[in-house]
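*Asks:* only the shape, not the letters, is given here:
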C-alpha cells in the first residue's frame, strides 16, 4: 500500500505541470523565438523535439521517481496516516521524533506539535498528515526539476539551431520534410573547416549539375519498377448498421401479449385490485398473456463487411536504402574523388527528402562504412567528406557485402550505386549469378563510371550505368542500359 502511495505521489508531481512550465519558459527565450520565426522547418522541428523531450522526461522520471530517503519517509508517512485518532494524539511527540531531522517536513511538524491549541483540534491528525504530504510533494517536485537541467536543454537546442541555420545557408532553404531529419542529425557542431568543406561540395555539385540530374534519376527509379502483378486484397471494414429492436425503449407501435411488467397496460393492473380476480392476473403472467405496450427503437450496431480490392504490389512497397559504394583507390584521387563525394552528398539530400536511409561504403583494400542519415549522421557526413582516397581496388568484396545486405528484409527495393573508374577485371560468373538473383527481389544495381578506361565487361553486370569523365568537365555521356542489352 505504501508503494502505491509513493507511485501516486510521483504521478501527481509529473501531472502538476512543472515539465510543461519548463517547456513554456524555454520556448519564450529570445534565441528560440528568433529560431521559430526564421524557418518553418526549424519551427516544426523545435516543436517536435520539445514534445519528444516531454515524453522521454516523464518516462525517465517515472523509472526512478523517489530517492531512498524520501522513499523511507513516504513509508513512515503512510504508517502514521493509518493510526487511529486516539493513538495518534497520544503518541504525537514520539511520531515527530522519528521523522528524520533532514526531512522537508521536520521543522513544520515540531511547530505544529508545539501549538497546544491546534494539537487538540479533532481535525489535527488530518491537517498534520495533509501538511506532511504537501511538504513531501513540494520537495519531490524540486528534486525532479533539478534533474531536468533546463540550461543543458537550451544549450542542446541552440547548438542544433545553429547547425540547422548553417545548413540552410549552405544548401539553400531546406524544405520541411528534410528539416525534420536534419534536425536529428544536427547534434554535430560544425566547425569553420566543416562549413567550408560543405560549401565547397555544394558549389562543386551545383557547377556539375549533370551529377545532380543523375542523382535525381536514381531517386525516381524506385517508383519506376515495372510490375504486372495485380492481386485481390481482402479488406475488412466495420460499418454501423441500423437495426430495429423491440427490446429497447423507444416509440410505442402497438399492444401485444407478454410478461413484461414494466410495460403493463393500466387495465391489466385492475385484476390486482380485486382479490377474486388476482388469480387470473397471475395466470396471464405465467402464460405471458398480459396486455403490454409494444415499443420499437432503432439502434446502431457494428457489422463487419468483407470486400476485395485490386492492388498492385508495387504500391505496397516502401523505397529501400541507397547503398553507395565508392572506390577509394589511388587512381580515384583528384577530380574523381571530388565527383564521387559530391554525387554521394547529392544522393544523401534525396534520401532525406524521400525518407530513405543512405549508406556509404568506401572500398579499397579495406572497407569503411558511414551511415549518413542516422541520428548524429552529420558527423558521419563530415568524416566521409574528410576521408582521403588512397589504396588498391577490391570490387569483389564490396559487391559480396552489398549482396549480403540486400538479402535482408531491411534492404528490399534498395539501390546500390558503385562509383569507380572500373579499371578492374570482370567478376567471376558465380558472383554475377548471385547479383542476377538478388535483382529479382526488386533491388537495383547502378554504376557511375568516372573513367573512359572502365572495363565494359565489368559494367555489363549493372542494370543502369552512367559515364562521367572528369577529363571532360562539361560533357555528360549518359547511358540508360538494360542489363540484357549489348554495350
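*Replies:* On my side now, so go ahead. Source: prediction; values computed, not measured.
*Asks:* only C-alpha atoms for contact and neighbour calcs from this point on.
*Replies:* OK.
*Asks:* now stretch 209-224: buried residues?
*Replies:* Judged by neighbour count using 16 or more other Cα atoms under 10 Å, the buried positions of stretch 209-224 are 210, 211, 212, 214, 215, 218, 219, 222.
*Asks:* helix or strand for the second one, which one?
*Replies:* If I follow you right, that is residue 211. Counting by DSSP states H and E, the element that carries residue 211 is helix 209-221.
*Asks:* what's next to that helix, contact-wise?
*Replies:* 205, 206, 343, 346, 347, 350, 351, 415, 466, 476 (Cα atoms under 8 Å, 6 or more residues apart in numbering).
*Asks:* would you mind checking those for buried ones?
*Replies:* Buried members of the contacts of helix 209-221, counted by 16+ other Cα under 10 Å: 205, 343, 346, 347, 350, 351, 415, 466.
*Asks:* so what pLDDT did the residue nearest to the fifth one when sequence neighbours are not counted get?
*Replies:* So the one you mean is residue 350. Nearest residue to residue 350 in three dimensions, chain neighbours excluded: residue 219, at 6.5 Å (Cα to Cα, 6 or more residues apart in numbering). Note on residue 219: pLDDT of 79.
*Asks:* again with residue 310
*Replies:* 52.
*Asks:* where does the stretch 301-450 of the chain dip in pLDDT?
*Replies:* For the stretch 301-450 of the chain, the stretches with pLDDT under 70 are 301-317.
*Asks:* can you classify residue 446 as helix, strand or coil?
*Replies:* Applying DSSP: H, G, I helix; E, B strand; the rest coil to residue 446 yields a three-state assignment of strand.
*Asks:* contacts only, for it.
*Replies:* 415, 416, 417, 418, 462, 463, 464, 465.
*Asks:* make it 7 Å
*Replies:* Residues in contact with residue 446, defined by Cα atoms under 7 Å, 6 or more residues apart in numbering, are 416, 417, 418, 462, 463, 464, 465.
*Asks:* count of neighbours near the last one?
*Replies:* Yep, that's residue 465 we're talking about. Other residues near residue 465 come to 24 when the count uses other Cα atoms under 10 Å.
*Asks:* quick check: it is in a strand.
*Replies:* Yes - assessed with three-state DSSP, residue 465 lies in a strand.
*Asks:* that one against residue 444, yeah?
*Replies:* No - Residue 465 is not in contact with residue 444 according to Cα atoms under 7 Å; the separation is 11.0 Å.
*Asks:* any idea how far residue 50 is from residue 380?
*Replies:* Per Cα to Cα, to the nearest Å, residue 380 is found 25 Å from residue 50.
*Asks:* these two: who's more crowded?
*Replies:* residue 380 (21 against 18).
*Asks:* list phi and psi for that one.
*Replies:* Main-chain torsions, residue 380, degrees, to the nearest 10: phi -70, psi -40.
*Asks:* domain ranges for this structure?
*Replies:* Per automatic domain parsing, the structural domains of the chain span 2-64+149-187, 68-148, 209-223+319-479, 231-312.
*Asks:* picking up where we left off before, which single one of the contacts of helix 209-221 is nearest to residue 137?
*Replies:* residue 351 (48.7 Å; Cα to Cα).
*Asks:* return the residues in contact with that closest one.
*Replies:* Taking Cα under 7 Å, 6+ apart, we find residue 351 in contact with 357, 358.
*Asks:* show me which residues of the helix or strand encompassing it are buried.
*Replies:* Per DSSP H and E: residue 351 is located in helix 335-353. Across helix 335-353, burial judged by 16+ other Cα under 10 Å covers 336-353.
*Asks:* so in that sheet, which strands flank the next helix or strand along the chain from it, and in what orientation?
*Replies:* Using DSSP H and E, the next helix or strand after helix 335-353 towards the C-terminus is strand 358-363. Strand pairing for strand 358-363, using DSSP bridges, gives strand 322-327 (parallel), strand 367-371 (antiparallel).
*Asks:* buried stuff in the shortest one?
*Replies:* Of the residues in strand 367-371, 367, 370, 371 count as buried by neighbour count, 16+ other Cα under 10 Å.
*Asks:* do I have it right that the first one meets residue 389?
*Replies:* In other words, residue 367. No - in this structure, residue 367 is not within contact of residue 389 by Cα under 7 Å, at 11.9 Å.
*Asks:* pLDDT wise, what is residue 10 at?
*Replies:* According to the prediction, residue 10 has pLDDT 72.
*Asks:* in a strand, it, correct?
*Replies:* No - looking at residue 10 with three-state DSSP, it is helix, so not inside a strand.
*Asks:* give me the low-pLDDT residue ranges for the stretch 101-250 of the chain?
*Replies:* Filtered on pLDDT under 70, the stretch 101-250 of the chain yields the residue ranges 116-120, 173-176, 222-250.
*Asks:* now the strands for it?
*Replies:* Along the stretch 101-250 of the chain, counting by DSSP state E, counting those that start in this stretch, strands occupy 230-245.
*Asks:* which helix or strand lies directly C-terminal to whichever strand or helix holds residue 23?
*Replies:* When elements are defined using DSSP H and E, residue 23 is found to belong to helix 18-27. Note on helix 18-27: by DSSP H and E, the next helix or strand toward the C-terminus is helix 30-38.
*Asks:* could you list the buried residues of that following helix?
*Replies:* For helix 30-38, the buried set under the neighbour-count rule, 16+ other Cα under 10 Å, comprises 32, 35, 36.
*Asks:* tell me the spacing between the last one and residue 83.
*Replies:* Spelled out, it's residue 36. For residue 36 relative to residue 83 (Cα to Cα), the value is 55 Å.
*Asks:* with the first one instead?
*Replies:* In this structure, residue 32 lies at 52 Å from residue 83, with Cα to Cα as the measure.
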